[in-house]
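>>> Generate a structure from the sequence data that follows.
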Amino acid sequence: MLSFRLRPATMADMKSYLDLANDPFVRKNSVNSSTITIEEHEKWYTAKLNTANSLLLVMEIHEAFAGQIRFDVDEETAWIDYSIRPEYRGQGLGAALLQKGIAEIPKLFRKTVQIAGKVKKDNLPSAKAFLKAGFHEVENLTDTDASNLRLFCKTIPLRNLV
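Okay, here's the model as predicted:
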C-alpha cells in the first residue's frame with residue numbers, strides 16, 4: 001500500500017476539493033449526486049474551513065493531493081465524508097485514510113465519542129473500508145433516504161479523548 005500523510009486543508013486546496021467532489025464516481029456515491037458549481041463550493045468550503053465544528057484534512061501522496069477526509073461534529077457524533085482520487089482507488093487506502101483521520105479527532109474534538117458515516121448501499125468499496133477500519137454497521141438508520149443508505153459507526157472510549 002502507498003504511504004500518505006494528512007495535513008489540514010487550506011484555501012489553496014479549494015479547487016482540488018471541488019474537482020474531486022465533481023468526479024463522476026464521487027457524485028454517484030454521494031447522498032446528493034448533483035454536480036457542484038464553483039459558487040456553491042466556494043461558499044461551502046470557506047464556511048467549513050472557518051467553523052470549529054468541522055475538520056478538513058488533505059491526503060497527500062508524494063506531496064500531491066490524493067484525497068480528503070472531513071469530520072462534521074453534531075453534538076457528540078463526528079460525521080465522516082471521504083473521497084480518494086481515481087488513480088489511488090482500489091489500493092486499500094480507504095480504510096487507512098479513515099484510521100489516520102480518526103486519529104486526528106482527539107486533538108480537536110475532545111467530546112466526540114461516536115464517529116459515523118453514511119454509505120450508499122451499492123458503494124461496496126466504501127462499506128468495506130469502514131468495516132476494515134473497525135466500524136460496525138447500524139441497522140436502524142432513520143434517514144429519509146434510509147432505503148438507499150447504510151450507516152457505519154465506531155465508538156471511541158472517553159479515556160482516549162483526554
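
>>> Going by contacts, tell me the helices and strands next to whichever strand in the chain runs longest.
Secondary structure of the chain per DSSP state E: the longest strand is strand 64-74. Strand 64-74 sits against helix 14-21, strand 54-61, strand 77-84, helix 93-108, with contacts defined as 3 or more CB pairs under 8 Å, 6 or more residues apart in numbering; DSSP states H and E. (C-beta placed from N, C-alpha, C; glycine too.)

>>> State the mean pLDDT of that strand.
For strand 64-74, mean pLDDT rounds to 94.

>>> one step back: how about the helices and strands packed on strand 64-74, which one is nearest W44?
Checking these against W44 by CB to CB gives helix 14-21 as the closest, at 9.4 Å.

>>> Strand 77-84 and that closest one, what's the angle between them?
If you take axes from the mean of the first three to the mean of the last three CA atoms, to 10 degrees, helix 14-21 sits at 80 degrees to strand 77-84.

>>> one step back: how about the helices and strands packed on strand 64-74, which one is nearest A127?
Closest of those to A127 is helix 93-108, at 9.7 Å (criterion: CB to CB).

>>> pLDDT averaged over the closest one - what is it?
The model assigns helix 93-108 a mean pLDDT of 89.

>>> Alpha carbons of the helix or strand of the chain with the lowest mean pLDDT, as PDB, please.
Ranking every helix and strand in the chain by mean pLDDT, DSSP states H and E puts helix 93-108 at the bottom, with a mean of 89. The C-alpha trace of helix 93-108 is given here as PDB (Å, rounded to 0.1, in the frame of the first residue of the first chain):
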ATOM      1  CA  LEU A  93      -6.300   3.400   1.000                       C
ATOM      2  CA  GLY A  94      -9.900   3.900   2.200                       C
ATOM      3  CA  ALA A  95      -9.500   2.100   5.500                       C
ATOM      4  CA  ALA A  96      -6.100   3.600   6.100                       C
ATOM      5  CA  LEU A  97      -7.500   7.100   5.400                       C
ATOM      6  CA  LEU A  98     -10.300   6.500   7.900                       C
ATOM      7  CA  GLN A  99      -8.000   5.300  10.600                       C
ATOM      8  CA  LYS A 100      -5.500   8.100  10.100                       C
ATOM      9  CA  GLY A 101      -8.300  10.700  10.100                       C
ATOM     10  CA  ILE A 102      -9.900   9.300  13.200                       C
ATOM     11  CA  ALA A 103      -6.500   9.600  15.000                       C
ATOM     12  CA  GLU A 104      -6.700  13.400  14.500                       C
ATOM     13  CA  ILE A 105     -10.100  13.800  16.200                       C
ATOM     14  CA  PRO A 106      -9.000  13.800  19.800                       C
ATOM     15  CA  LYS A 107      -6.700  16.700  19.100                       C
ATOM     16  CA  LEU A 108      -9.600  18.900  18.200                       C
END
